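Colleague: Just need the structure, nothing else, for what follows:
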Amino acid sequence: LGAGTTDLFTSGRGAMLVNGRWGAFFINVAKEKRNWRAVTYPTLKPGGNTAYTYVALSIPASSKHPDEAWEFIKFVVGPEGQRINAATGIGMPVRKDITQEPVWLVPGESKDSIDVFAKGMETARVLPFNPRWTEVIDDLAEKTLDPVWRGEITAAQGAKQVCEKINPLLSG
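Modeller: Just a heads-up that it's a prediction; the model follows:
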């Protein structure tokens, strides 16, 4: 297609975008502004599940400045650091109280949309760890689903192909 899924969505050539909270940032900086809203994934059971990913902050045992590193981590996860993080539209605040503040809204984003992300944390599950996730899983899924986005195969056919290719990688 010559464009990523975010580009297709923001240009009006894609009707939906499957993305995480960070998608709000990329939609907001796009040249063409769109009226958009976040919704949950459809599920077969009430409550469903949301995939949960996270960024881990750590201090190497060999750090020459462990006390300063600890102070930095405390700042990043504290109220001020989380307000800075939330205002970017890229990440989910780790503090529930910050999700109730308007700072979490990026221009053009509705309160309903950010509530989808905040409420999704109630049923979130950690994705299985795979050291090659981005390299193999994301790239493979995107390439395999490309014919679905072009209307060449059905979503069911694309999902089956993704499962056939990715399940063996996830199982070891």
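Colleague: Point out where the protein drops to low pLDDT.
Modeller: 1-3, 29-34, 42-54, 108, 128, 135, 172 (pLDDT under 70).
Colleague: quick one: furthest residue from the center of it?
Modeller: In the chain, the residue that sits farthest from the middle, by CA atoms, centre = their mean, is Lys64; the gap is 33.5 Å.
Colleague: Would you list the phi and psi of that residue?
Modeller: In this entry, Lys64 is assigned phi and psi values of phi -80, psi -10 (degrees, to the nearest 10).
Colleague: which residues are in contact with the biggest helix by length in the chain?
Modeller: For the chain, the helix with the greatest residue count under DSSP state H is helix 155-170. Here helix 155-170 makes contact (CB atoms under 8 Å, 6 or more residues apart in numbering) with 128, 130, 132, 136-137, 140-141, 144-145, 147-148, 153. To be clear about C-beta, it is placed using only N, CA and C from the backbone, and glycine gets the same treatment.
Colleague: With just CA atoms, put that helix into CSV.
Modeller: What follows is helix 155-170, C-alpha atoms only, in CSV (Å, rounded to 0.1, in the frame of the first residue of the first chain):
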residue,chain,number,x,y,z
ALA,A,155,-10.9,-10.7,7.7
ALA,A,156,-11.6,-14.4,8.7
GLN,A,157,-9.1,-15.6,6.1
GLY,A,158,-6.5,-13.0,7.2
ALA,A,159,-7.0,-13.9,10.9
LYS,A,160,-6.6,-17.6,10.1
GLN,A,161,-3.3,-16.9,8.2
VAL,A,162,-2.0,-14.8,11.0
CYS,A,163,-2.7,-17.5,13.6
GLU,A,164,-1.1,-20.2,11.4
LYS,A,165,2.1,-18.1,11.1
ILE,A,166,2.3,-16.6,14.6
ASN,A,167,1.1,-19.4,16.9
PRO,A,168,4.2,-21.5,16.3
LEU,A,169,6.4,-18.5,17.1
LEU,A,170,4.6,-17.8,20.3
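Colleague: any idea how far that helix is from the chain center?
Modeller: 20 Å (CA atoms, centre = their mean, to the nearest Å).
Colleague: can you pull the buried residues of it?
Modeller: By 16 or more other CB atoms under 10 Å, the buried positions in helix 155-170 come out as 158, 161-162, 166.
Colleague: Including distance to Pro60, could those residues go into JSON lines?
Modeller: Below are the buried residues of helix 155-170 laid out as JSON lines (distance: CB to CB, whole Å):
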{"residue": "Gly158", "distance to Pro60": "42"}
{"residue": "Gln161", "distance to Pro60": "41"}
{"residue": "Val162", "distance to Pro60": "37"}
{"residue": "Ile166", "distance to Pro60": "33"}
